[in-house]
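Q: could you look at this predicted model? Sequence included:
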Amino acid sequence: MLEQGYEVALDHVSVRLKTELSPLYHYHELNHTLYVLESAQVLAGPEGIHGEELTLLKTAALYHDTGFLINHTDHETLSVQIARKELPGFGFNDAQINQICSMIMATRIPQSPEDKLSRILCDADLFYLGTDLFEHFAELLYLELCATGAINSREEWMNIQIRFLGAHHYQTETAAAMLDAVKHQHLQHLVNNH
């Protein structure tokens, strides 16, 4: 039953992200959400997540950046507000919604996951750091941060990326095993070309 509610929510959120998002968001748009959703499912199996827990994880991934529909500032809190408003209509109960909202808030940088599902979502949100899509997504994020006035130069972006990659660690054993080596290569490349 819950999975059916999730499927309806997936269609609903996909349409909203496709049609309502500001064009300033080059990175935080539907493709990012679908990538995080897919990454969460890649990590869920090896981490022993299935059934209702998997549905809750997928729903949190689906809603984690919906706050950008309102504003990029404090978007996690806005995402939680949207989830709390919409999810009862898709058949989710209060306890399930609370769990979903807790996962969403854990993705706020610096990440602060307190349970396994939140750790998986945090890793799914930054999955690209350890893949060959790193440069593609980093460029989209750079364009978005410039468009929203968050940064002013490539130099500033390079410094942010080096600091961020240097401090980041994956929260689950599965993600660390899959992604750490390539992530460190990206960091080394940035340092060498800085």
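A: Arrived safely.

Q: where does this structure dip in pLDDT?
A: Filtered on pLDDT under 70, the chain yields no residues whatsoever.

Q: how near is the residue nearest the centre of it to residue 172?
A: Nearest to the mean C-alpha position of the chain, by Cα atoms, centre = their mean, lies residue 125 at 3.0 Å. Going from residue 125 to residue 172 by Cβ to Cβ, to the nearest Å gives 12 Å. In this view, the C-beta of every residue, glycine as well, is placed from N, C-alpha and C.

Q: how about residue 70?
A: Residue 70 is 30 Å from residue 172, by Cβ to Cβ.

Q: tell me which of those two has more neighbours.
A: residue 172 (20 against 16; other Cβ atoms under 10 Å).

Q: excluding its backbone neighbours, what's nearest residue 72?
A: residue 148 (5.6 Å; Cβ to Cβ, 6 or more residues apart in numbering).

Q: ramachandran coordinates for the one you found?
A: Main-chain torsions, residue 148, degrees, to the nearest 10: phi -90, psi 0.

Q: count of neighbours near it?
A: The number of residues near residue 148, taken as other Cβ under 10 Å, comes to 16.

Q: thinking it is in contact with residue 75, fair?
A: No - the criterion here is Cβ atoms under 8 Å, and residue 148 misses it with residue 75 at 11.1 Å.

Q: just the helices in this protein please.
A: 2-20, 30-44, 51-63, 75-86, 94-106, 116-125, 134-147, 154-167, 173-192 (DSSP state H).

Q: tell me, how many residues neighbour residue 189?
A: 13.

Q: oh, that last question was meant for residue 136, not what I typed.
A: Neighbours of residue 136 using other Cβ under 10 Å come to 11.

Q: quick check: the gap between it and residue 63.
A: In terms of Cβ to Cβ, residue 136 sits 24 Å off from residue 63.

Q: likewise residue 119?
A: 18 Å.

Q: ditto for residue 43
A: 18 Å.

Q: repeat for residue 10
A: In terms of Cβ to Cβ, residue 10 sits 10 Å off from residue 63.

Q: the two - which one has more neighbours?
A: Legend: neighbour count by other Cβ under 10 Å for residue 10 and residue 63, higher for residue 63 (24 against 17).
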